[in-house]
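Participant: Need the 3D shape of this:
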Amino acid sequence: MSRRQTLGALSPNQLHGRQSLAPGKNGQTKDGRQSLKPSAAGRPSVAPRPVERPSNIGIERRSSAFGKNSAVKQDPRPLNDKNFFNGCIRTIITYASTHGYPYALSPKMLASPTGKDFAQLAFWLFQRFDPTLKAFGKVEDEVPLFFKRLNYPFQLSKSALFAVGSPHSWPSVLAALMWLVELLNYDDKAEEAGGQQFDDKQRSERQFFIYASTAYRYFLAGDDAKAQAADDEMLGQFRERQAALLQGNHSLKQSIEGLAADLDDLRRQPSPLAAAQAAKQEVLADQRKFQEVIAGNQAQRASLQKKLEERQADLEAKKSALAAVRADNEALVARVAGQSLSKADVNRMVAERQKQKGLLEGVVMQRESLQQRLYQAEVQLESCLNGVEERLRQYHSACHKLGLLPARAKRAAGVAYDMSINRAATTQAELISGDIKGVIRPGLLSLRERYRLRGRELAEDGLVLAEQLDAAREANQERQEELAALRRQVGAAEERHRGLKDALEVDIAAIGGQADKIKVNT
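Facilitator: From the prediction side, this is the model:
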C-alpha cells in the first residue's frame with residue numbers, strides 16, 4: 001500500500017493556490033472568448049473610475065473588424081452618403097427597440113439629436129457593455145475615452161461632441177454608435193452559436209471536474225472506500241457514455257448503409273434527366289405540330305373569310321341585278337298593259353312562260369344536285385384529311401421510335417423526315433409539306449436497304465458463330481473423353497502403387513523380424 005504524503009509542509013497559500021480543474025474561467029464563453037454580455041457573477045466595468053488606471057479596464061477584446069493602431073486612420077465609410085446615414089439610423093432603432101431601450105427614439109430624432117438624447121442613447125449602449133456602469137460624467141470626456149478603450153479604429157474628437165447634432169459632426173458620431181451596435185449584435189450571435197455548440201462539452205467537463213474534486217477531497221481525507229466509489233461511479237458514467245456512443249455509431253452505420261442502398265437504387269434506376277429530356281422533345285414536337293395545325297386553321301379561316309366576302313359581294317351584285325330585273329319586269333308589264341294583244345299572242349306568251357318555268361325548275365334541280373354533291377365531297381375531303389393526319393401521327397411516332405426525328409437525330413443523317421398537312425392548300429403539291437418523292441421516300445428506302453444488309457451480315461455472323469460453337473462443343477466432348485481415360489489410367493496406376501506398397505511393407509516387416517532375431521541371438 002502506497003503511503004500518502006503529508007500536507008504539513010504545505011503553506012496555506014500553497015494549499016489554496018493550486019491550479020483550478022474547472023473547464024474555463026468565469027466570464028468566458030465556452031470557446032474561451034471573453035464575453036461582452038453580463039454574467040451571473042458580474043464582470044469588470046469599462047466605465048471610467050477615478051481610482052482605476054486605464055490598463056486595469058476589464059474589457060480587453062479587440063474589434064472583429066479592426067485592429068489596434070496608434071496612427072489616426074481616415075474613415076473609409078461614406079459618412080455623408082444619405083443611404084448610409086439612414087441605414088445607420090434604422091439599425092440603431094432596430095437594436096434599441098428589440099433590447100428594451102427605455103426612452104422614445106425615432107428617425108427624426110436621430111437625424112439631428114439634442115445633447116440629452118445623445119447622452120441617454122450613449123449611456124444605454126455603454127451599459128450594454130458594462131452593466132455596473134452607474135454614473136456618467138461629461139459626454140465630451142467620457143465618450144471618446146470609452147471608444148478608445150473599446151479599440152475604436154477612428155478618432156472621435158471632443159469638438160464633435162460639443163455640438164453633437166450639427167450636420168458636419170453628427171454623421172461621424174452616428175457611425176461610431178453604429179459600430180457599437182454592430183459589435184453588440186456580433187457578441188449576441190457569437191454567444192448563441194457558442195452555447196449551442198459547446199453545451200455537451202461543457203457538461204462533460206463539469207462532471208469530470210466534480211468527480212476530480214470529490215475524489216481528491218476523499219483522497220486528502222484518507223477515505224479510500226468513498227474514493228473508490230467515486231471512481232466506480234465515474235467509470236460507470238464513462239461506460240454508459242461509451243455504450244451510448246457505440247449505439248449512436250451503430251445507428252449511424254445503419255443509416256449510412258440504408259443511404260448507400262438508396263443511392264445504389266437511384267443509380268440503377270434510369271436517369272430522370274434523360275426521361276425528362278425525351279418527354280421535352282416529344283412535347284416540343286407536339287408543340288410544333290399544334291403550331292402547324294393552328295397556322296393551317298388560320299390560313300383556312302383567312303381563305304373562308306375571303307370566300308365569305310366574295311359571296312357577300314356576289315349577293316350584293318345579285319340583289320342589284322334582281323332589283324334591275326324587277327324594274328325591267330315592271331316596265332315590261334306596264335308596256336304590255338299599254339299594248340293591245342291578240343289571242344294568239346297570249347297563247348304564245350303562256351307557252352313561252354311554261355317553257356321558261358320548266359327550264360328554271362331544271363336549273364334549280366341541277367343546282368340542288370350540285371350542292372348535294374359539293375357537300376358530300378367536302379365531307380369526304382374532311383374525312384380524308386383526318387385520315388391523313390392520323391397516318392401522319394403514326395408516321396411521326398414511328399420516326400421518333402426509330403430515331404429519325406428531328407433531323408439532328410442519330411439515324412436521320414440530316415434528312416428532314418418531318419411532314420405536315422396544310423388544310424388550306426388548293427393543289428395536291430401544297431397539301432403535304434416535305435419532298436416525299438425526292439427526299440423522304442429515297443431516304444427511307446436507303447435506310448431500309450442498309451438495315452436489310454446489316455441484318456444479313458448479322459445472320460451470316462450468327463451462322464458462323466453457331467458453327468464455331470458446335471466445333472467447340474465437339475472439341476470439349478473429345479477433351480472430356482480423354483480426361484476420363486486419363487483418370488481411369490491414374491486410378492489403375494494408383495491401385496498398382498498401393499499393391500506394390502503393401503508388398504514392400506510386408507517384406508520390410510519380415511526383414512525387420514529377422515533383424516530382431518539376429519540381434520537377440522548375438
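Participant: the helices in the stretch 101-250 of the chain, which residues?
Facilitator: 107-111, 115-129, 139-149, 158-162, 170-221, 224-268 (DSSP state H, counting those that start in this stretch).
Participant: Please tabulate these in a markdown table, including the columns distance to Leu469 and mean neighbour count.
Facilitator: (Glycine included, C-beta is placed from N, CA and C.) Listed next are the helices of the stretch 101-250 of the chain as a markdown table, based on distance: least, Cβ to Cβ, whole Å; neighbours: other Cβ atoms under 10 Å:
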| stretch | distance to Leu469 | mean neighbour count |
| --- | --- | --- |
| helix 107-111 | 92 | 15 |
| helix 115-129 | 90 | 18 |
| helix 139-149 | 94 | 18 |
| helix 158-162 | 100 | 15 |
| helix 170-221 | 68 | 16 |
| helix 224-268 | 32 | 11 |
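Participant: Same list, those helices, but as CSV with distance to Leu458 and mean pLDDT please.
Facilitator: Listed next are the helices of the stretch 101-250 of the chain as CSV, based on distance: least, Cβ to Cβ, whole Å; pLDDT from 0 to 100:
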stretch, distance to Leu458, mean pLDDT
helix 107-111, 84, 89
helix 115-129, 85, 89
helix 139-149, 89, 87
helix 158-162, 93, 81
helix 170-221, 67, 81
helix 224-268, 29, 89
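Participant: Redo those helices as TSV? Include distance to Asp75.
Facilitator: Below are the helices of the stretch 101-250 of the chain laid out as TSV (distance: least, Cβ to Cβ, whole Å):
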stretch	distance to Asp75
helix 107-111	19
helix 115-129	18
helix 139-149	13
helix 158-162	12
helix 170-221	7
helix 224-268	52
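Participant: what's the closest of these to Arg77?
Facilitator: Among those, the nearest to Arg77 by Cβ to Cβ is helix 170-221 (5.7 Å).
Participant: helices or strands next to the closest one in the packing?
Facilitator: When contacts are defined as 3 or more Cβ pairs under 8 Å, 6 or more residues apart in numbering; DSSP states H and E, helix 170-221 sits against helix 82-98, helix 115-129, helix 158-162, helix 224-268.
Participant: between the helices of the stretch 101-250 of the chain, which one is nearest to Arg496?
Facilitator: Short answer: helix 224-268, nearest of those by Cβ to Cβ, at 58.5 Å.
Participant: The closest one: what's the following helix or strand?
Facilitator: Where DSSP states H and E defines the elements, the next helix or strand beyond helix 224-268 is helix 272-338.
Participant: could you give the mean pLDDT of the next helix or strand after that following helix?
Facilitator: Next in sequence after helix 272-338, counting helices and strands by DSSP H and E, comes helix 343-402. Helix 343-402 comes out with an average pLDDT of 87.
Participant: what's the answer for stretch 495-508, then?
Facilitator: 90.
Participant: And for stretch 305-322?
Facilitator: For stretch 305-322, the per-residue pLDDT averages 91.
Participant: who touches that stretch?
Facilitator: Under the contact criterion Cβ atoms under 8 Å, 6 or more residues apart in numbering, stretch 305-322 has no outside partners.
Participant: Please save the CA atoms from that stretch in PDB.
Facilitator: Extracted C-alpha coordinates of stretch 305-322, given in PDB (Å, rounded to 0.1, in the frame of the first residue of the first chain):
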ATOM      1  CA  GLN A 305     -63.200  34.800 -94.800                       C
ATOM      2  CA  LYS A 306     -62.100  35.700 -98.300                       C
ATOM      3  CA  LYS A 307     -64.700  33.400 -99.800                       C
ATOM      4  CA  LEU A 308     -67.400  34.800 -97.500                       C
ATOM      5  CA  GLU A 309     -66.500  38.300 -98.600                       C
ATOM      6  CA  GLU A 310     -66.700  37.200-102.300                       C
ATOM      7  CA  ARG A 311     -70.100  35.500-101.600                       C
ATOM      8  CA  GLN A 312     -71.400  38.700-100.000                       C
ATOM      9  CA  ALA A 313     -70.100  40.700-102.900                       C
ATOM     10  CA  ASP A 314     -71.900  38.300-105.300                       C
ATOM     11  CA  LEU A 315     -75.000  38.500-103.100                       C
ATOM     12  CA  GLU A 316     -75.000  42.300-103.300                       C
ATOM     13  CA  ALA A 317     -74.400  42.100-107.100                       C
ATOM     14  CA  LYS A 318     -77.300  39.600-107.500                       C
ATOM     15  CA  LYS A 319     -79.500  41.800-105.300                       C
ATOM     16  CA  SER A 320     -78.700  44.800-107.600                       C
ATOM     17  CA  ALA A 321     -79.300  42.600-110.700                       C
ATOM     18  CA  LEU A 322     -82.600  41.400-109.100                       C
END
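Participant: what comes up buried for that stretch?
Facilitator: Buried residues in stretch 305-322, counted by 16 or more other Cβ atoms under 10 Å: none are found.
Participant: got the angle between the longest helix anywhere in the chain and helix 343-402?
Facilitator: The residue-count maximum for a helix in the chain (DSSP state H) belongs to helix 441-521. Using axes from the mean of the first three to the mean of the last three Cα atoms, to 10 degrees, the direction of helix 441-521 lies 20 degrees away from that of helix 343-402.
Participant: distance between helix 441-521 and the chain's centre?
Facilitator: Relative to the centre of its chain, helix 441-521 is centred 60 Å away, using Cα atoms, centre = their mean, to the nearest Å.
Participant: re earlier: identify whichever of the helices of the stretch 101-250 of the chain lies nearest to Leu405.
Facilitator: That would be helix 224-268 among the helices of the stretch 101-250 of the chain, by Cβ to Cβ, at 29.8 Å.
Participant: Counting by contacts, list what that closest one packs against.
Facilitator: helix 170-221.
Participant: any idea of the angle the helix it packs on forms with helix 139-149?
Facilitator: 50 degrees.
Participant: how close does the nearest residue to Leu156 once chain neighbours are set aside sit to Gln298?
Facilitator: With sequence-adjacent residues excluded and distances taken as Cβ to Cβ, 6 or more residues apart in numbering, Leu156 is closest to Pro144, at 4.9 Å. From Pro144 over to Gln298 the distance is 80 Å, taken as Cβ to Cβ, to the nearest Å.
Participant: Could you do Phe129 as well?
Facilitator: 76 Å.
Participant: Asp345 versus Gln339, what's the distance?
Facilitator: 9 Å.
Participant: make that Gly115, sorry
Facilitator: 130 Å.
Participant: Likewise for Val388?
Facilitator: 63 Å.
Participant: do Val506 as well
Facilitator: Here Val506 is placed at a distance of 164 Å from Asp345 (Cβ to Cβ).
Participant: next one: Ala285
Facilitator: Taken as Cβ to Cβ, the span from Ala285 to Asp345 is 78 Å.
Participant: Between those two, tell me which one has more neighbours.
Facilitator: Ala285 (17 against 12; other Cβ atoms under 10 Å).
Participant: got a list of what the more buried one touches?
Facilitator: If you count contacts by Cβ under 8 Å, 6+ apart, Ala285 has them with His396, His400, Leu405, Pro406.
Participant: Please pick the buried ones from those.
Facilitator: Counted by 16+ other Cβ under 10 Å, these give His396, His400, Leu405 as buried.
Participant: Can you classify the nearest residue to the first one once chain neighbours are set aside as helix, strand or coil?
Facilitator: So that's His396. Nearest non-adjacent residue to His396, counting by Cβ to Cβ, 6+ apart: Leu405, 6.4 Å away. Here Leu405 is recorded as coil under DSSP: H, G, I helix; E, B strand; the rest coil.
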